[in-house]
Each structure stands twice: as structure tokens, then as C-alpha cells.
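Asker: Quick one: sequence and predicted model below, then my questions.
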Number of protein chains: 6
Amino acid sequence: MSQIITFGEVLMRISPRGYRKFIQSNTVEFFFGGTELNVGISIANFGGNVKHITCLSSDFIGNTALAYLNKFDLDTTAIVRSNRPLGVYFLEVGAVMRPSSISYNRSHSAFSEIKPSMVNWEKSLENGSWFHWTGITPALTQGSFDTLKEGLKLAKKKGMQVSADPTYRSGLWKYGVDAKEALTELLHCSTIFIGGINEMNEVLDANFGYSNDEFIEASKQLIEKFPSIEKVFDKIRTSINSSWHKIHARMWNGKEFKETPDFDITHIVDRIGTGDAFAAGLIYGLQHYDDTKSMEFASAACALKHTYVGDVNYTTVDEVLRIVDGNVTGRFNR
Amino acid sequence: MSQIITFGEVLMRISPRGYRKFIQSNTVEFFFGGTELNVGISIANFGGNVKHITCLSSDFIGNTALAYLNKFDLDTTAIVRSNRPLGVYFLEVGAVMRPSSISYNRSHSAFSEIKPSMVNWEKSLENGSWFHWTGITPALTQGSFDTLKEGLKLAKKKGMQVSADPTYRSGLWKYGVDAKEALTELLHCSTIFIGGINEMNEVLDANFGYSNDEFIEASKQLIEKFPSIEKVFDKIRTSINSSWHKIHARMWNGKEFKETPDFDITHIVDRIGTGDAFAAGLIYGLQHYDDTKSMEFASAACALKHTYVGDVNYTTVDEVLRIVDGNVTGRFNR
Amino acid sequence: MSQIITFGEVLMRISPRGYRKFIQSNTVEFFFGGTELNVGISIANFGGNVKHITCLSSDFIGNTALAYLNKFDLDTTAIVRSNRPLGVYFLEVGAVMRPSSISYNRSHSAFSEIKPSMVNWEKSLENGSWFHWTGITPALTQGSFDTLKEGLKLAKKKGMQVSADPTYRSGLWKYGVDAKEALTELLHCSTIFIGGINEMNEVLDANFGYSNDEFIEASKQLIEKFPSIEKVFDKIRTSINSSWHKIHARMWNGKEFKETPDFDITHIVDRIGTGDAFAAGLIYGLQHYDDTKSMEFASAACALKHTYVGDVNYTTVDEVLRIVDGNVTGRFNR
Amino acid sequence: MSQIITFGEVLMRISPRGYRKFIQSNTVEFFFGGTELNVGISIANFGGNVKHITCLSSDFIGNTALAYLNKFDLDTTAIVRSNRPLGVYFLEVGAVMRPSSISYNRSHSAFSEIKPSMVNWEKSLENGSWFHWTGITPALTQGSFDTLKEGLKLAKKKGMQVSADPTYRSGLWKYGVDAKEALTELLHCSTIFIGGINEMNEVLDANFGYSNDEFIEASKQLIEKFPSIEKVFDKIRTSINSSWHKIHARMWNGKEFKETPDFDITHIVDRIGTGDAFAAGLIYGLQHYDDTKSMEFASAACALKHTYVGDVNYTTVDEVLRIVDGNVTGRFNR
Amino acid sequence: MSQIITFGEVLMRISPRGYRKFIQSNTVEFFFGGTELNVGISIANFGGNVKHITCLSSDFIGNTALAYLNKFDLDTTAIVRSNRPLGVYFLEVGAVMRPSSISYNRSHSAFSEIKPSMVNWEKSLENGSWFHWTGITPALTQGSFDTLKEGLKLAKKKGMQVSADPTYRSGLWKYGVDAKEALTELLHCSTIFIGGINEMNEVLDANFGYSNDEFIEASKQLIEKFPSIEKVFDKIRTSINSSWHKIHARMWNGKEFKETPDFDITHIVDRIGTGDAFAAGLIYGLQHYDDTKSMEFASAACALKHTYVGDVNYTTVDEVLRIVDGNVTGRFNR
Amino acid sequence: MSQIITFGEVLMRISPRGYRKFIQSNTVEFFFGGTELNVGISIANFGGNVKHITCLSSDFIGNTALAYLNKFDLDTTAIVRSNRPLGVYFLEVGAVMRPSSISYNRSHSAFSEIKPSMVNWEKSLENGSWFHWTGITPALTQGSFDTLKEGLKLAKKKGMQVSADPTYRSGLWKYGVDAKEALTELLHCSTIFIGGINEMNEVLDANFGYSNDEFIEASKQLIEKFPSIEKVFDKIRTSINSSWHKIHARMWNGKEFKETPDFDITHIVDRIGTGDAFAAGLIYGLQHYDDTKSMEFASAACALKHTYVGDVNYTTVDEVLRIVDGNVTGRFNR
């Protein structure tokens, strides 16, 4: 059975319950996440065969993370271990006009010191048909960038589908490589672009606005510059406040523009990993449906993720399809 | 003091906190519920004298359930015990477009093996003035159907008011009896019908739509077919999603049609037992107010139940009346 | 560095989690609060130098309260201790149309038996530039009224700014003093009035309505009667239900009328202490900004408090200013 | 069925979990207790018919306490309500050489303001065959002393058994009555004395030591002075530290001396209410067994109470008898 | 890599925290266990390759159980699903002289309705080198007995090692088969007997006492009657009370008798699954060490299990060996 | 008032409750600790005036840590902040023969990058009379070693008492400095040595055994080599297992040898920070009592710390003295 490959850091998330701050309560919850892992687990929850590649700490925290991945039935055989600690992030969840706050402790983590020599890409991609990467990994360290690059080159050589979510986060990219150049190199190995105007402007050195027309024009230029890219998908979030968002999607698949209607997410439970849920929905969708239905599936999956605590999207294919079919009134499943 | 009699299964509900799934957290909460019990407790919380009749397991879980009923000051003297375990249901609470999910473990429970010989109906109904039953009980087993039937026949003979909530749930009715025939038999002992178009269509073999006009017509036919039935009450729920509903009620009391305005339940806390809260409000109301105010009281009680965690409606008569009087802005009680 | 002085009772708040009632769960949380303390802590969280004066019990509960105040870096050196227990209030948090309920156990608390001789006001106000009081303190006992009065007189003599929040709560004022007379005496020492039409009507023996015009007229009369008062600020709350409010502010500063637009608080987390957050925002604002910006700052601080569990407003100046600047969509802070 | 009557204050106990102090965690648990209530609930758990008489607050805390009593199937029909708050005590549980600490907030509680006119003793004792009182009640206020005295006089007149546990606690007896005189008056209505050398010395103005011989001599003098007293029971606790006690009992029944061997309580879970469990075991025992077995039953019940969290002894007659029969190795009940 | 096969029911365990009873707290924890599963997970935690075969419910509870098994990296590919609910047991944990109590809800569970046709034994045992079974499985239903028998016969045919833990539990064996006959049939397929005098007496129809001499004699007779059995291992528990046990082991391996010294388990954390930990230790040990060291390893593993909450033994080989080597003083691992 | 100065890293401790492992529960607790901080807080809880100097992260975790220190009324004015994250350690608490496990994430923490230029020692020690340091700080990084050295040199120059707890932990000292040389340099600034044979052997390059005679001889050599050292104190722990220790102390004060009897800690609650509690007791003791009583006070303080969850010793002087006076039976404080 052909595998979806995800590669990236596993972070331990630690957060107080119910909108509390760390200063308010010394009882907290932990989860494991990481943008690529979130995509992988979501696809596994759809029934996909997913291998996640990463470097975990060799202590009991790393063991706990590994058990967490196994719990979702990921293929963890390519995971390596290191004496460095696992990366951690602390989250204080906001509400209404109060934003959520995140503080990272990841800069010398087990994953950040990964090197190309630590991953046997030939063996790891043996059964791989799809590789998903994000802009977080190359932004961490030279080693994580190089390791990813090596994997993507092999993926390209093997003719795998490669989806790119080149999220640009300004707090990263501290180690000396130019973000635009690095992303350019990696995008040349990619076939599906999942990102918005900001990411396209970043790699195109352009200044497009947010209208559909400009999105189409930007997508065309992107595909021109990166001929390996076949399709561009964009998720659009309208935030009323921290607790209430609307989500819809649009795409340019090289031939036509499509967009989905808004999902109204009136009572957000957890905002983390919702973009990853979109990417996972898209990857699963493109393997099973046409472009339009894939985008609908991805939007519905993304909307559903807002209702789960933690980084993981627990939703199943049936549950997503029910939303796609318009059953959003939340009648009981008995 | 004349008693309201409720008869039905007591289930242990087990659910994770705060929209979590069982796979996410091994800390869970339990409650006791069951549609007829919920009605009974709600009426007891209004100050009514309620006797609940059921069969509980004889282990410490049954003891805990019994203590739970005593806590609400129900008359538990007619309860019997059995060596079978208490029925359980597992609940994962949804949000926004994600529906709640329920899984039952009740098919060989203590209650499901009840037999007419186990209940002394003469003694149990000695002080009874009202009997409330639902469509769940006859749907479980031959024994529960027969036991209920025996009780209802005696109630009719004694001239008690009998309210029927013939909820039809397709996952039940597995033991060989025809739902329509069984309900027909039981409705002939009933005086108040609490149910909607679906339930009327089921017992009338009809196909009415949801408009008020069709509701009136269906009600007329129902009363014609079941002359013991005096009044028909219907609760109408408009679901924006799992977290946001609107509720109103309508009735045909044999002479006139009335309906209440919508209550807007913008932030649902717990959806379970809200229909039971409506029935309880109605039973209490019809004993103290005219039809219109009873229906308003029932709607307000139902709306308030959406704000309590668990199966129980904790609201008092004063609190309901304040809502009936339009004080819905939630100012502090100090 | 000049100090803001707050004087008032510290109460232990005990409440179940997540909309539960005490009858539902024996696991509860405690916090410390009290209207003047809430103001003090909020200002300290803005970076202000705040001294809170109160009387705490001398047991381990009092020690815990003292540690709580120290945690927020308040100056606690003027606090006295007594053999009486700390005041307690029990809170059941409502939702949607269900109001929150409060039950007090404070009438013989450590603070309620405070006497003027227990506070060394000369020393306590040594570095004081601002004194904030509320209508709760004089409403408790003769001793608390007398002690406050003595402090306010000294504050006036020293030319300190004195802000008054003369909240009128009918459940108090049981000890024999006339509320209107007492408040009148204290308002003559005050320079900033934070309160609405009801409070103005109370001390003016008037009957003004809620319109802006009537607010202006009432403010004028108030300033006429109490020439020490320079400005009047009013916070206006529109309650859709317990879970959804809108907030805006208006003022009369002796020369002009100003009001702020509504903040829409669509998903209230905790309603307690939001008025105190407004007062704190105003006091901080008036020390750093002009009247209009002060009022905007106070409104935004008040809106933000609705998103924190407990009595304390944890928000910082930067966070408030971001809201004042219109960034209410709740994007992550990373 | 003849009733056991208990009369005394119901207190809300609030304590952090697992040896934590209030300063360490704001998540706490609450229970209801009170020495006479503990006795009553324990007897009810043995299957006894118990009526508890008290005064509860009329707020939701009082409602919660009432539901707690109902849960154990106590007869709560003689309970009165008041506008004063329920008494509270805060508990920090110690371990090893660290003692537990208690802080009370009860001096103006609902119960402390009880008056003889508030209890209809004639009606309350209608079915009573046994009355249990302790030295806490007369130590609180004149009203609680007077109310108890009136009840005891009627109990004596009706020929009821009256058990006295005249625990002397120095922190009480603040309202002006002499402890010795008050206890003397009440002991003249009593038939069973449950207490040790200290209590006997207090009412005899004597100075006996702790040896068995002195216990016998003291008991003889006690019975001489209080001819209504038939038997004296004493529970002896040897404390290795807060976590490890040994318990045994001795008695003088007017004719012979008996004592039980030590129970070794190697891992104490909760120390509160263990004396009350002894008294309850004795009262139940004396109604069903001879003196020796009663004392063994009481000791075993007391030992078992150390294994339950909270104030209540949950143990059943069968469970106690198993310990009395020497089965202390803790094999599973399946 | 050769696999260890375990076959048996997976139960959901639900229990309150910290010695509480269900009547005391509605917050509970759940775990998954089952005697054969516990053995399997423990061996997997030692690094063994374990396949667990069972039947799980097809609802979200079954999904959660499956994820739990995956978490420990068991091979779950042979697991089947059914529409029946998962078996549940409720546990109240005792302390000191109070025994723990268990109540089961398993008699119509998913596993209890397993049939031989549901398991493909040929495929399931393909890589199997060891099969472990217990006396619980044949005691449940005809189907579970038959399915186990079919598996054991194939295991014997393939020359696999078969360890038998024929625990006799009187509450089971309700479906009509004679326990002795059934166990006899299954023991003829077994090579390692893990059990004590009671189990040997049961299958030998004998009446041996507990001395070492009688153990040796019983073992000899057992091996004579069941020639496939090579070795007999017995774990001896001395219970001071529920919180304090001592454990040692003895064996007869056909040639010599050996026993280990006592481990003193002074503060038991959780007693469930400790026998399973012994069996797992033995199975792992016999694959890696000689008989004596295997028995020491098993005893140490068993002792360590008493320190983990839940049914699972989390200990690793290194941790067990440290205990075997006498390092029992609990110095920190940093 | 003269200050005690402590200098060292503040770590966030994260641990599951009740002997659970991270793999078992995603609900965990956090505390703040660090060996020097623990000493400081314990002395502050004795009423001492303590200034703790450290470097905290500038995020909300650092804010939370700062609030934690303020809560105990430490002088936090000399604390600096950095952009690096706070150090973290994860703890799994063992029981009986299972040791506790710790995993650190501290090697690039805020404190580990401290530099001498970041601390104004002149100002920081202005009111200092005592400086306490441990062997952890110089073992972290060159910067932390250098900063400590600068502080100690000034302390020596000012004639302050300097207590040294040169704990040697092999997992540290990774940055290139020789432990023995570094400790030698720092011990030359010290006046009180708190440590055992291992630490003395380390700095003396000796090989003394654990007998009292060898302790005396080692102490003499130590004082000879480090003439600034006046007294040597040693805490001796006898571990029965993880849950049961005995503690006593011995000293050589240059003139005589003394030792205390064992405290029997039969039910350990938390083992972390018990050595720090000893050091704190000693520092407080030597400021108020003679050597013998200081050692008794320190031993009792150490024993009491084993009964508190977390890193902090909450005990007060009165509580310690009660233990010193032999009241170890744990009678209630009411």
C-alpha cells in the first residue's frame, strides 16, 4: 500500500485548561503536535497509510511522543532518536478579542539538530507515493533544511506527488539561510502548492492583493516560475474574533478557478492545527476525488478541526463527507 | 400528596470533559440519566412528588445510582434490583458542525430484563395521579414493554393522567414487536401526547408535513384515533449547529392552536435531556397553569436545560417563571 | 514612585468548573477577589505601583490570600490580620438565559470587623497619589465605613486623586447607616465618579433616565452637588444573555460628552470583576492618556476581562492598546 | 421502624487533594460533615433508620447539603433552614510527622443560631428509640445548648437510649456557659458514655491516668455520679505518626471490663470522622450484638473509616463483620 | 522476528481516583486491561514482539481500545470487531484492611460472542513462537472456549511454547462447560504451567497444602498427568493488608526446586495486573535467561507492577534487572 | 534587615499526579524549583529576608515563575530576563522499589546563558549577610560559573557567611571546566560546608568511607585545606525504598562531633528538595540557635519536606520546632 510521507518536528504542547493562563493554575494538559505531524495523523485518521519521519528525544518524553504516534497507527519505523530534549511549546488559549499566546522552547531540540546522515531516505521513501512538507522545517536549522531538501530531491526523482505548505513565520529563519531562496529550491520539487497570497508574494517577490482575480494571476505566475507545480489551493479565514471564524477555500488548478462557500465556525474549541487539517483534507481528497470535491473536503475537514481540543484532527472520512453534504446542524450520532 | 409516576431505565452516562473524545483523555465524568428519570427528577426539582420505578443492578454501581435518585428526593421505594449490570452509555460531546456521538451498552442491562411480576403496580400507583411514559421503554424488550403496559392499564383504570412521549428511535425495537402496534396499544391508555409530526405519522401511518396547518390536522386525526388523548404538544428545534439552537413549542388542545416564540440558545452547554425537560415542564405546568402558560413554562424549562451539564434539569419553578416573564439577560442572582 | 491605594475586603471565591452547580460536583476552584482588590491587581498588571489595605484572617486561608496578593506584586505591608475568618462567596456560573448565582458568607468576616484604629492611614498613604474606593466597603459595617472615611479624609487633605465607584447593592447596608448619607459624605472627598444613572439617582434623589442627554444632565447636577468631582464615567452593558454582552462607555468631563463604540463580547468566559476592570483601566488611563483615550482604554480592558476565568484582569497595557487600536480578530501571539 | 436521632451542625469541609496546602493549588474538594451527622450517615450505611436534625442555610449551599443527606437516605424532614450561611471548615491534610490543620468558619453559621423554638421535638422524636449527642453542640452557642437540652429531656422522658460523646474541644465553649456544668446536665439524660479518661476527668473533676485499672475506677465513679449511664466505652489510638495509627477499644459495662486487640492502620487515607465511625459502630452494635461484639464491631468500623476520603464512613455491616472475623488481608471483592 | 501470541478479552476499567468510591465522586479514570492483554503489553514493554488477538466493539470505545493497544506497539492486525459493546469493569480501590471491589459488565460483550470462525489461526500464528492463555477465556462462553482451543491445538501442532495461567475464578464458568474438563483439555496443549496449589488441586482433583514439599509433589503429579508441561511456576503473595504485600516465587522445573526471597511491597499503588506482570516476566525471562533468573526476573517485574496505576506494567528490562540485582532503594534516575 | 542571598537557576518542574508516567495521562502539574531557590523559599517561609538572583525567560512562563517567587515574598528586584526559554525538568515519581525518573531540558535555558555583566553584584549584596551556593550552578556553563565566582568573591570581601552545598552531579560539568578545580576555587570563599563523604572525597582527592570516624577525619582535612570553612554538616539518608526513608544528621564544627537520631519517614509524599530543606534549616538555625539545635532544626525541616508535594518546603519555624521537641505523632492543629 502506497504511503504518504510527512517529515518534521514533533513538539510537546503544554497548555492550561479552559482559557486559563499559566499564572492561574498549575494543572495543565500536554499534547503532541507539529504542523507536518498534524497533517500525517489527520490523513491516518482518514484511513491513509502514513509514515512520519522525525527525530525524538531518547528520554521518557520521547517515548511518550513515540507512543502517541503509534496510537494513531503511523509508521514510526524511520524515526531516529537523540540525546537532545524534545521541543516544547506553551500555549495560553484566548477568547473573543483576546488572542492566544504561544511561547516556544525548540531552538536546540532533538529535531533541530537533525542531519541528512541521520535519515535513510532511500529506505524511508520505498513505498512512498506522496510527500508533504511545510515552510517550518527549512526555517529551523541548516540541518533540518538540508535533510528535507535531500528527501524532496529523492521524492521528485521517484515521481512522487509533493505538497508544499510554505507557511512563512517571521520568528524563525534565524540560522543564516535566506527564506526566499530556500523555499524556491524546495518548491522546484513540489507539485501541489497550499498557501495564500502572502506565501506567493514571498517567493515571487510580488505584491498581489487578496481578490480572486489577483489570486488567479498570482497562481499563474507561480506555476510559470515553478513548472512542477500543478495546482494552487488557498484557505481563507475571516476572523470575527478568537472564538468565531468563517472558513472557505479557493483554487487555481491551472485551468479553472473554483471556490467553496463559507463554513461558519461560531464556537471555536481549538484553533491549533486547523491549517494542517486543511492540507490533510486536500491530500486525502486529491487521492480520491476531483479538484472541487477535494477542496470541499479540505474545507470541511478544516472546519471540523476547530471543534477538537489539541493539535490533532480526529475526524473521519464519513464525518467530513456528511459536512460536505450540508449536514451541519449537529444531530446526534447514536 | 398525589404522586407523579415515572417508569424507565436508569443509564449511567460516561463522557469526557469539554468536547474531548475518549481517545484523548482517560479522565471522564459519569452521570445518571434515562429519559423517564430525567422527567422525574426535573419535576422533583420543581417541587413535585415523584416516584421513579425501575430495576437497578445490585452492585456498587446500582447503589450509586440509587443514591443519585435519593439525592433528588425521588420516592425510590418501588425500585427493584437485579444481578445484571446497569445500562451504560458513552457520550462524546460535539461542537459547531460536529455532532455528539453516543454508544450504548444496555441490551442486557438490569432494566432490560424486567418482567411484569417484578413490579407491584397496585402498590406502586397507590398515590399516583399522573403517569409519564416514553417510546424508549417498549422499544427495549418484551419484558419492559409488558411491564409498562400493565402499569398503564392500571393507570387508565384509576383515571390517572397519562402523558406519552412516543419518541421513535430506529436503533431500538429489535426484539420482535412491531413499533406501531405497540405504541398504538399504549397510546390508548394515554391522555397527553408530547411529540411531533414524525411520531404522529408513525402511529397514524400518515405523511404529514411540518407546517402548523398540517400539525393541526395531524393532531385532529390523532385525537380521533385515540379518543383518550386530550391534547397534543410539540417542541420545535431549529439547529444552527451543535452549539446553537432555537426552541419553540406549539399545541393543539382539541379546541385551539397556540405557539410560543423562539428561545435563542446561543451557547449550548449540554443537549442531553432537553426534550425531557420540556415534558417535565409540561407535566408540571398542566398541573398548575392553563395550556398556554404550561407550554411557555415547558419551553422555558427546555431552554434552561441546555445550560446545565449532565442529563438533569436543575432549574426551579422561580427560575423558569423568570424566563417566561422575559428576563433572559442573565443578571446575577445575589 | 507614587502609589495607587485600594482599600477593601478580600473574599475567597469558590466555584465549580464549567457551568456546574455545587450539587453536581465536589471538585471546585477557589480564587481571591473583592471589587477594590480587583481594581488594584489590574492596575498592578498594567505596571502600576499599588498598595492594597485590608484585614485578612490569621489562619492558613489568610496566608494563602496574602500570598495571592504578593504574587501580583502588590504592596501588602499595610495589611492587618484578625482572628475572624476570611469572607467567602460561592458562585455558580450561568450560561445563556440562566443567570449566575452568588451566595455570600461575609457578614462576620475578618474585614467586616475592621476599625479605624487598625489602620495607620498616615503611614499607609505616605506615597499615595490616588485612592480608589467603592460603595461596597461603607455598606458592610460601621467599622468599615468609619475606616474608609478616615482614609478618604486624609486623602483629600493630601490632595490625592480619589476615584469613587459607588455601586449600590441592596443586599448590603444592613447595619443601620443610611446609604445615601454615607455615600454623600464619601463623595465629597472624591474627584472621579465612576457610575451610572442608578448611582447618580441614588445620591441626587433624582429620577434620570438612561439617555445620553439625561446622563449629561445628571452629571452636571452631580458635579454641582459635589464640587470635588471633576469627571463622570459610565460603562453601559447590553446583555443579550449571560453569555453574550456588548459594552461601551460614556463620560462627562465637565466640558464635553464622549462615548465609545460597542465591544461585542460574543463568548463570555467570566463575568465577575469586569466593572472593576473598567475602573482600573480608567485610573491607569487617566494617569497616562487624555480623557477619550482613557475611556477607550477602560472599555477595552473591561471587554478583555470577560475572557479570563476568575476575578482578576490579567491583561497588560500592550494587550489593551492593541484592542483600542482595533485589532480584535484574535490572531496568535507567537 | 424505630429511628436513631442525631442532632448537630452540618459543616462544609473544603480541602485540597493529596496532602497539598491551599497555597499550592486552587483546585479543592468539598464534603459535608459534622460529628453527629457522621454518626448518623454511618448508621444509615449500616441500614439503620436515621433522622438528622439541624439548621441549614437557605441558599444553594444549603440545598447541596440537604441533597447530600438525602443521598444517604437520612430522614431530613425535621431540618430547618435559616438565612445565615452554612458553617465551613478548611482542612489541610498532613502526612508522617506533619499534622493536619483545620481552620473553622462556623461561629455565626446557620446552626449556631438555632433556638429551641425552631425544633418541634415532640414530632421529631415520635418514632425515636435512640438519641446520639456530642460535646460539640453544647459548646457552640446558648441556642444550640438549649435546643439540645430540650431534646435530651424529652428523650429521657420517653425512655430512649441516649449515647453521649462529650468530646471536649478547648477552642469552643466561648459563649459564657461552663463546660463542666453543661455536660453534667446533659449526661444526666444519657445512658451510654462514649469517651476517654480526659472526658471523665473533666466531668468528675478528677485526675485519672490512662491505665485499664484507672479507666475502670473512673468508669465506676462516672456511673455513680450519673446513674442513668449504664456503660462506658473508650477508643484508644496509638499514633506512630499522621499516616500510621493503631486502634483498640475498652469498656466497662457496670459489671465487667473488656478490651479488643489493636487494629494496625498502616496507611491512613483520611483521619476525619474516625471517632464518629466508632460511635456509630457502637450504636449499631448495641442494637444487634452483645457488648463485646459491639465493641469489636465499633473498632473495626473505626479502623475501616481511616480508608475512606471525606467525613463519611461508607462501610457496610458485612464489610465490618468480615474485619471482625479477622479477614484483614484485603483480598478483592469480585 | 518470532512473535508472542496473547488471546483474550480487552476490558475497559473505570475507577475513581485515590481510594474513592463511585458514590463519592463523578470524576473517574478509565484504562484498558484484561489478563492476557496485560501480559502482552508487559512483554511488548520489555521489547518483545507481541500480537494480541481479540474482538473489540466497532464503536468509538472500540476505536479507543485499539489505539491503546497500538500505543504499546502491539501487532493488532488479527483483531476483529463486533457490534456488541466492549466489556467493562468498575473498580473501587481499597486500602489497609478494606479490600478493593470489582463489578463486571462483560457477559454479553464483543469478546464473549467470539466464534472460531472469526479468527484465522493459520495466518495469526504464522510467525508465532509462544502462545499465552489463561483460565479466564475458557470460563466466559462456549465460543471463547472453542476459539481458544482451536488456537492452542494449532500452536501445539506448530511446536510453539504454550504458557498456561489457569486462574480459577468462581464467578465465571456459567455457560455449561465443566471447568476441570475444559482446563484439562487446554493443559494438554501447554508446556509451561503458571499457577499455584489451588489450580493444581482443581485439575488434579487433589488436596495439596501450601508447603514447598507439597508444591513439589503436586508439580510432579501435574507433569505426570500432562506430559507436555515441562515446568511449574508459582507466585506466593503474603498480604499484610490491601496496601502492603510481600511477593516471592518458587518453581519445579522437572528436575529441581528453587525459590526466590521476598520482595517487600510496603506501599502498594495498584494491585491489578500484578499476576500478569509475573507471567510476562516469566515468558520474557524463559526466552532470555535460565530458569532461576527467569523466576527472579518475573518476581521483580511483578513487584514493580504494584507501583504503577492501571492494569499495565510499564517497566523495562533494565529497570527489572536493576531490582534483580538488589537495587531496591529507589535512588533517582536522572 | 540583613538578607540571605541565593543565586541559581529556576526550573519549571512538570510531573503527572500520583505515581503516573507521562505515557499514562496528559494531565500534569507544574511547579518551580531549583536547588538554590528551594533553599531561599524555605528560609523565607521561616520568616527570613531572602533575595534570589537568577535569569528568567521574558515570556509568560518567565512571568509565571516571577509571580511564583513573589508569592513567597522573595526579593526579586535583582532578577534579570532573557529571550531564551526557562529551563524545564520532567519528573515521573516512583514508589517502593521503583525510582523516580527525571529528564532535563535546561542546557540552553535563560539561566545557562547568564554572564557576569548581567548581575550588579555590588548592589545585589548591599544588604546581604549570608550567601548560599550549590555545585549545580558552576556545573552548568562558563557563564554561570563565572557569575557565581564574582558574587562569592565579593561576599568573601564583605565578610558574609557563605554556605556551600557542592553537590556533585555527573550528568553536568559538560562545558569544559574541571569540577574539582572549580569547586576548590569556590570553596575558598565559603564558611559552611554542607555535604557528605562523596563531596569531600571529590575536592580532597581522597577516599574516605562513611563511618563517623572517617567523617571526622575528612572534615578535619577539609578545614585544613579550606581554612575559610568553619563547620561541616552532613545529612545521612537511609533508604528502605522510594517510599520510606530515615534521615539523620552529623557535624564537625572544628571542635566536636555531634549527630541526631533518625527521623523515620514512613510514607514519603515528595522527595524533591529535601536536601535543600536541610540546607535551609541549617542556615536559618545557625542564625538563631547553637550548632546542635541548628542540626536538629535542619533534620526536622528536611524530614517535614518529605510530606509536601512539589519542590518547596512550606513548613514554618513553629512547625519545625514542634518536631524537634519530639511531637511527631501528627495530632490535628485546630
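Answerer: Happy to help now that I have it. Numbers count the residues shown, from 1 in each chain, chains lettered A, B, ... in the order given.

Asker: Around chain E, which positions in chain A sit nearby?
Answerer: Listed as neighbours of chain E in chain A under the rule C-beta under 8 Å from any C-beta of the partner chain: A:67, A:68, A:70, A:71, A:72, A:73. Glycine gets a C-beta too; all of them are placed from N, C-alpha and C.

Asker: Quick check, the residue in the stretch 51-200 of chain A closest to chain D?
Answerer: The minimum distance from the stretch 51-200 of chain A to chain D, using C-beta to the nearest C-beta, falls at residue A:92 (16.7 Å).

Asker: quick one, what contacts that residue?
Answerer: Residue A:92 sits next to A:15, A:16, A:20, A:21, A:22, A:100, A:101, A:102, F:60 when contact means C-beta atoms under 8 Å, 6 or more residues apart in numbering or on different chains.

Asker: can you pull the contacts of the residue most central in space within chain A?
Answerer: In chain A, the residue lying closest to the centroid (C-alpha atoms, centre = their mean) is residue A:276, at 3.3 Å. By C-beta under 8 Å, 6+ apart, the contact set of residue A:276 is A:35, A:36, A:38, A:39, A:42, A:165, A:305, A:311, A:313.

Asker: tell me, how many neighbours does residue A:64 end up with?
Answerer: Number of residues near residue A:64 (other C-beta atoms under 10 Å in any protein chain shown) recorded here: 23.

Asker: Just the pLDDT for it.
Answerer: pLDDT, the model's per-residue confidence, is 98 for residue A:64.

Asker: surely it meets residue F:26?
Answerer: No. Between residue A:64 and residue F:26 there is no contact under C-beta atoms under 8 Å: 9.1 Å.

Asker: And the helices in the stretch 201-334 of chain A?
Answerer: A:212-225, A:274-288, A:291-305, A:317-324 (DSSP state H, counting those that start in this stretch).

Asker: Then the stretch 51-200 of chain A?
Answerer: Shown for the stretch 51-200 of chain A, the helices assigned by DSSP H, counting those that start in this stretch span residues A:60-71, A:121-124, A:142-157, A:179-187, A:197-204.

Asker: what about those, which gets the closest to residue B:161?
Answerer: Closest to residue B:161 of those, according to C-beta to C-beta: helix A:60-71, at 53.4 Å.

Asker: out of the residues of chain A next to chain E, who's nearest residue A:217?
Answerer: Nearest to residue A:217, judged by C-beta to C-beta, of those is residue A:72 at 39.7 Å.

Asker: can you name the two of the contacts of residue A:92 that are farthest apart?
Answerer: Spatial extent of these (C-beta to C-beta) is set by the pair A:20 and A:102 at 15.2 Å.

Asker: So in chain A, which strand runs the longest?
Answerer: Longest strand in chain A, counting residues (DSSP state E): strand A:231-241.

Asker: residues touching residue A:7, list them.
Answerer: Counting by C-beta under 8 Å, 6+ apart, residue A:7 makes contact with A:36, A:52, A:53, A:54, A:131, A:133, A:137, A:147, A:148, A:151.

Asker: The fourth one: how many residues sit nearby?
Answerer: By the other C-beta under 10 Å criterion, the neighbourhood of residue A:54 contains 27 residues.

Asker: Name the nearest residue to it, sequence neighbours excluded.
Answerer: What sits nearest to residue A:54 in space, not counting adjacent residues and going by C-beta to C-beta, 6 or more residues apart in numbering or on different chains, is residue A:10, at 5.2 Å.

Asker: mind checking how far residue A:282 is from chain E?
Answerer: Distance from residue A:282 to chain E, counting by C-beta to the nearest C-beta, to the nearest Å: 24 Å.

Asker: Neighbours of that residue, how many?
Answerer: 29.

Asker: Not counting its neighbours along the chain, what's nearest it?
Answerer: Distance criterion C-beta to C-beta, 6+ apart; nearest residue to residue A:282, sequence neighbours excluded, is residue A:298 at 4.1 Å.
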